[in-house]
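Student: fold the following, please.
(2 chains)
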Amino acid sequence: MTMVTEKDINEQIAWAKINTDVLKSMENPRPAYWVTLAVCIAMVACAVLAEYIQYTVGMGTADLNNPHMWDMYIAAFVFWIGMSHSGTLLSAILHLIHADWRKPIYRFAEAMTTFSLLTAGIFPMIHLGRVWNLYWVLPYVSDRGIWPNFRSPLVWDAFAITTYLTASMLFLFVGMIPDLAICRDNTTGWRKKLYGILALGWVGSDRQWRHFRKIYLLMACFLIPLAVSVHSIVSADFAMSIMPGWHITSFPPYFVAGALYSGCAAIITLFILLRYFFRFEDYMTLPIMEKTAKLTFAIAMVWTYLNLIEFASVWYGHDVYNKELLIAKATGAYAWIFWTMLFCGSVLPFALAFRKLRRHMPTMFVVSLFLNLGMFFERWMIVAPTLSMSHEPHQWDIMYGSIIEWAIVFGSFGWFGMLFLIFVKVFPSVSMYEVKEMVFHRKLSAGEEDLARMTDHAKPVTQTTGGGGA
Amino acid sequence: MMGLFGDFEEAHDAIADIRRNEVPGLTVDDVTMTSPIEHPEVEEVLGERPVHIQKFTLFGAIFGVVFGFIFLAAAQASFLVQPQGGKPVIALPSNIVLVYEMLIFFAVWLTFFSFIFLSGLLKKRSSLYSEKVSLDQVAIIVEIDESIGESVKELFEKHKVLEIREEAIR
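Tutor: Have a look, this model is predicted:
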């Protein structure tokens, strides 16, 4: 029986159609796009109002007090940093291993990285309270001769996130240059002017392509260790302390796996939304969705394993504070969050193991949202229980966050969504030149396979039998 | 002179003919190919042309390490008012983390700027640029003496050129 493999993309698709479809998406999305954008803006408005109250009344409105000096804002910060990982990291890894199915989806994944980082960057500012003193975190010497403490993981964060943000923005921009030239050549008015400037005079000469190939490779090579280091450093914010539940050796890989996981889940969510908004059924195809879902499943299993390792090391380590905290997580006031996290993070991904479900977009959309809910709870379970049940029982206090905190966190999703939706309306969310490359090379290899098959058929029967039999 | 071709194979074969010296006075060094996608295969006929971006990347990485460490160490060494609690003034383990980030930071920026300059971006586009190249056609641009213009046109036509444009350089 011959098994027919479904193709990632239709190789017969005309290059002119690729240009037309992608350029049309920037002009003419479905009405659902505008509704979603309006919802996002409304969410941002909620957050702005909440921040205004917090700014004028004080940090008490956010319930930030001893022992909860870190809270929802830091959980949200870790969540958004994590979300940023899959875009650039997966794009870079898949580029290095020549997995060409990434080509129709990597652009929006990289944009997701940039906007997640921009969202994450807001939370330390909000968390500081006195936002006007934000520049204190910069590595400069003040008039009293005081430098930031370079031994603090919080300063490492500032360095790492700045590096990651600039590198991922450059990676996104460089990858877009040939497409910006296409846009420049096929648009009019303000768009033509904008793309004309951003395309930097790209003409597609062999010299430009040669250098382009090299820079893309070099940047991909830098971004992989950089992305790993960024989330390892974020984990150091916790792991470098001696607090129960935080001082854990496996935190860096646990954070990196969690980051990849939530990023992959977000890619699935955005994949489905863009496919619908911009009628990208020819590019964001079911086989590509299947591959993304399988990757997410694999990462979910790594995350589950790292969770189990953490529980086991705490359990058998017999450190009384850590063990009490673990038991309290599973049975105490936060138990419902703990078990929801484990259900969403470790059980629900098994839905991705079923082909029928992987190919059903509404199901995948809901699953991806729940996976990210689980990942948000994971960050909440890292931050809150440790502060709630630390070494001193007289300080114990349960914390669910104030309405101001929830409004700002809720608004951050609107902020991310708004930036992302504006980006995909102004810039091509599918890489036109890479899809053309994908189609070109697949057509070539299909032609070669056909030729080989025809040659095999043309061979004398004795020769074929002899070769195969021997 | 620019010749526009419907597919890469024809353009590739035309450059191969130029390489075989079918037009006296014209060599592959005078040839530029512009295409909608990357065609590394063209190097078979154009010959390998050097790319030096990686040297700038290496320089950026080394600069990041050296500058990063000197910056941090100088800052720490001038900040003696802070009680160190028996720890070293210049702390190597934590500096390694920051130096690592600076290595990547400067390497990436140097790579980017070298790409812009070495690949000839930010230059005014010549009138021989065709917007069809950003769609699906491949162009061969040659810098030639007027005297061999006809021979080049013949060569292009032999390979089913779709359009020929010329520009005079003084």
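Student: doesn't residue B:3 belong to a strand?
Tutor: Yes. Looking at residue B:3 with DSSP: H, G, I helix; E, B strand; the rest coil, it is inside a strand.
Student: can you give me the distance of residue B:133 to chain A?
Tutor: 5 Å (C-beta to the nearest C-beta, to the nearest Å). C-betas here are computed from N, CA, C, even on glycine.
Student: what packs against the helix or strand of chain B with the lowest mean pLDDT?
Tutor: Ranked by mean pLDDT, DSSP states H and E, the weakest helix or strand in chain B is helix B:43-46, scoring a mean of 86. Applying 3 or more C-beta pairs under 8 Å, 6 or more residues apart in numbering or on different chains; DSSP states H and E, one finds that helix B:43-46 makes contact with helix B:8-19.
Student: helices or strands next to the next helix or strand after the helix it packs on in the packing?
Tutor: Using DSSP states H and E, the helix or strand that follows helix B:8-19 in sequence is strand B:31-34. Packed against strand B:31-34 by the contact rule (3+ C-beta pairs under 8 Å, 6+ apart) you find helix A:206-239, helix B:8-19, strand B:138-142.
Student: and those, which is most packed in?
Tutor: Ranked by mean neighbour count, the helices and strands packed on strand B:31-34 are led by strand B:138-142 with a mean of 24 (mean count of other C-beta atoms under 10 Å in any protein chain shown).
Student: helices of the stretch 301-450 of chain A, start to end?
Tutor: A:320-331, A:335-342, A:355-358, A:361-388, A:403-426, A:432-458 (DSSP state H, counting those that start in this stretch).
Student: grab the nearest non-local neighbour of the residue in the stretch 351-470 of chain A positioned nearest to chain B.
Tutor: Per C-beta to the nearest C-beta, residue A:437 is where the stretch 351-470 of chain A lies closest to chain B, at 4.5 Å. In space, residue A:437 comes closest to residue B:37 once its chain neighbours are excluded; the distance is 4.5 Å by C-beta to C-beta, 6 or more residues apart in numbering or on different chains.
Student: isn't that neighbour up against residue A:435?
Tutor: No. Counting by C-beta atoms under 8 Å, residue B:37 sits too far from residue A:435 to count as a contact (9.5 Å).
Student: give me the more crowded residue out of the two.
Tutor: residue A:435 (25 against 21; other C-beta atoms under 10 Å in any protein chain shown).
Student: if I pick the more buried one, what's in contact with it?
Tutor: Applying C-beta atoms under 8 Å, 6 or more residues apart in numbering or on different chains, we find residue A:435 in contact with A:9, A:18, A:103-104, A:283.
Student: go with 6 Å
Tutor: A:18, A:103-104 (C-beta atoms under 6 Å, 6 or more residues apart in numbering or on different chains).
Student: next: residue B:19.
Tutor: B:28, B:45.
Student: measure it to residue B:43 for me?
Tutor: 11 Å (C-beta to C-beta, to the nearest Å).
Student: ok, then the element right after the helix or strand encompassing residue B:156?
Tutor: If you go by DSSP H and E, residue B:156 is part of helix B:149-158. Toward the C-terminus, helix B:149-158 is succeeded by strand B:161-165 as the next helix or strand (DSSP H and E).
Student: what does that following strand contact?
Tutor: Against strand B:161-165 from outside (C-beta under 6 Å, 6+ apart): B:2-6, B:128.
Student: and for stretch A:295-313?
Tutor: A:250, A:254, A:257-258, A:260-261, A:264, A:346, A:349, A:352.
Student: now neighbour count and distance to residue A:296 too, for those, in a markdown table please.
Tutor: Formatted as a markdown table, those follow (neighbours: other C-beta atoms under 10 Å in any protein chain shown; distance: C-beta to C-beta, whole Å):
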| residue | neighbour count | distance to residue A:296 |
| --- | --- | --- |
| A:250 | 15 | 21 |
| A:254 | 23 | 17 |
| A:257 | 23 | 12 |
| A:258 | 27 | 13 |
| A:260 | 26 | 9 |
| A:261 | 29 | 7 |
| A:264 | 27 | 4 |
| A:346 | 17 | 13 |
| A:349 | 24 | 7 |
| A:352 | 26 | 6 |
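Student: quick revisit: who wins for proximity to residue B:160 among the helices and strands packed on strand B:31-34?
Tutor: The closest of the helices and strands packed on strand B:31-34 to residue B:160 is helix B:8-19. By C-beta to C-beta, the value is 5.4 Å.
Student: how many other residues sit next to residue A:36?
Tutor: So residue A:36, with other C-beta under 10 Å, has 18 neighbours.
Student: now it: closest residue in space, sequence neighbours ignored.
Tutor: Spatially, and ignoring its direct neighbours in sequence, residue A:36 is nearest to residue A:421 (6.4 Å; C-beta to C-beta, 6+ apart).
Student: so that neighbour touches residue A:39, yeah?
Tutor: No. Using C-beta atoms under 6 Å, residue A:421 and residue A:39 do not qualify as a contacting pair, with a distance of 10.0 Å.
Student: what about the spatially closest residue to residue A:120 that is not a sequence neighbour, helix or strand, and which?
Tutor: For residue A:120, ignoring the flanking residues on the chain, the nearest one in space by C-beta to C-beta, 6+ apart is residue A:80 at 3.6 Å. Assigned by DSSP H and E, residue A:80 belongs to helix A:72-96.
Student: in that helix, what counts as buried?
Tutor: Judged by neighbour count (16 or more other C-beta atoms under 10 Å in any protein chain shown), helix A:72-96 contains these buried residues: A:72-95.
Student: using the record's assignment, carve chain B into domains.
Tutor: For chain B, automatic domain parsing gives the domain ranges B:2-50+B:125-165, B:53-118.
Student: tell me if the helix or strand hosting residue B:113 is near chain A.
Tutor: Using DSSP H and E, residue B:113 sits in helix B:92-118. Yes. Part of helix B:92-118 sits near chain A under the criterion C-beta under 6 Å from any C-beta of the partner chain, namely B:94, B:97-98, B:101, B:104-105, B:108, B:111-112, B:115, B:118.
Student: what's the farthest-apart pair in these?
Tutor: Among those, B:94 and B:118 lie farthest apart (C-beta to C-beta), at 36.2 Å.
Student: in a helix, residue A:104, correct?
Tutor: No. Using three-state DSSP, the secondary structure at residue A:104 is coil, not a helix.
Student: ok, now how distant is residue B:40 from residue A:441?
Tutor: For residue B:40 relative to residue A:441 (C-beta to C-beta), the value is 11 Å.
Student: the two: which has the busier surroundings?
Tutor: Neighbour count, other C-beta under 10 Å: between residue B:40 and residue A:441, residue A:441 has more, with 13 against 10.
Student: mind checking the SS state of the residue nearest to residue A:437?
Tutor: coil.
Student: which strands or helices does the helix holding residue B:156 pack on?
Tutor: Counting contacts by 3 or more C-beta pairs under 6 Å, 6 or more residues apart in numbering or on different chains; DSSP states H and E, helix B:149-158 packs against no other helix or strand.
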